[in-house]
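Student: What follows is a predicted protein model with its sequence.
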Amino acid sequence: MLAPVALWLWCALGYAAVVVCRMFTMPDALPEFIVAIPARYASTRLPGKPLALLAGEPLVLHVARRALAAGAREVVVATDDERIGHALAGNGVQVVMTRADHASGSDRLAEVATRLGWADDALVVNLQGDEPLAPASGLRAVAHALAEDGAPMATLATPLDGVGELFDPNVVKLVRRADGHALYFSRAPVPWPRDAFARTREALPPGLPFLRHIGIYGYRAGFLRRFAQLAPTPLERSESLEQLRALEHGHAIAVRLAPEPFPAGVDTPQDLARVAQLLAGGAR
């Protein structure tokens, strides 16, 4: 029979072994989070976009299903049009009618956060209402970034495909600090490799992290409400990028690399046709 000290030591070592094994074999627990989808009816390039049919169903319904597949505690669609609410009835999501005069999706979601009384520390992932192919892993990655980081806001990025994207003003670029927080977002080509581009601009030079921003955001609900109260800023207006408002007011944004490709959303009838073709080909 083991002596008490030996028995205690044996049990302690056994417990430590179990803990270490779990650290290396168990996946990180998914933090509890909410997915909120702003879905404004009006769209300059594609009027009535949330209700545009995609594979026979409204676009916004495809987006809502992506959110449900990510394992969110709650999926809420914030809209200014009752027709969008009717299109989502009976599909497991909550619809909140909001004002029609919000300047951005974040402002619309701030109204929802207040009306639904979300706790200040609740994790809210803002999935744009025109992202019918958003991978569930991307939504979870944003939630993890918020849960693991002290920043009140988080987003995703992915490496640029080539020099064409770097010089395309429709592709938002970003640069990060050493700790993974955003330094700046821009439609201009950043960073600018001075010496390499003095020789040629036909390819991206190696050794620099050229990143494309993916327009998905996470916030703690308290900061989301605060963000909507911040005054718009000169850089935000100049670049037409709402995330610059947070940076200009001194708030950190955690940036993580997307765990898998994040297909482009739907802005035009051509985009709608492209996504329909992808779905017909079995895209998930």
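Tutor: Sure thing, it's come through.

Student: How about E131: what's its closest non-neighbour residue?
Tutor: G265 (4.5 Å; C-beta to C-beta, 6 or more residues apart in numbering). Every residue, glycine included, has its C-beta placed from N, CA and C.

Student: you'd agree that neighbour is up against L127?
Tutor: No - between G265 and L127 there is no contact under C-beta atoms under 8 Å: 10.0 Å.

Student: which residues touch the residue most central in space within the chain?
Tutor: Most central in the chain under C-alpha atoms, centre = their mean is I216, positioned 2.2 Å from the mean C-alpha point. If you count contacts by C-beta atoms under 8 Å, 6 or more residues apart in numbering, I216 has them with V125, N126, L127, Q128, E131, A134, G138, L139, V142, T155, L156, F262.

Student: where does the fourth one fall, helix, sheet strand or coil?
Tutor: Using DSSP: H, G, I helix; E, B strand; the rest coil, the structure places Q128 in coil.

Student: show me what contacts it?
Tutor: By C-beta under 8 Å, 6+ apart, the neighbours of Q128 are I37, P38, V63, G105, G215, I216, G265.

Student: picking that back up, check the secondary structure at the residue nearest to the centre of the chain for me.
Tutor: strand.

Student: and if you look at A87?
Tutor: Look at A87: counting by three-state DSSP, its state is helix.

Student: what pLDDT does the nearest residue to it once chain neighbours are set aside get?
Tutor: Nearest residue to A87, sequence neighbours excluded (C-beta to C-beta, 6+ apart): P58, at 4.4 Å. pLDDT for P58: 94.

Student: before we move on, back to that, quickly list what's touching both of G265 and L127.
Tutor: Shared contacts of G265 and L127, counting by C-beta under 8 Å, 6+ apart, come down to A134.

Student: Tell me which of those two has more neighbours.
Tutor: Between G265 and L127, counting by other C-beta atoms under 10 Å, L127 is the more crowded of the two (27 against 20).

Student: quick one on the thing from earlier: so the residue nearest to A87 bridges to which residues?
Tutor: P58 has these beta-bridge partners by DSSP bridges: L53.

Student: Report how many residues lie close to it.
Tutor: Applying other C-beta under 10 Å, we find 23 residues neighbouring P58.

Student: For whichever strand or helix holds A36, what is the distance to the chain centroid?
Tutor: Under the criterion of DSSP states H and E, A36 resides in strand 34-39. How far strand 34-39 lies from its chain's middle: 10 Å, per C-alpha atoms, centre = their mean, to the nearest Å.
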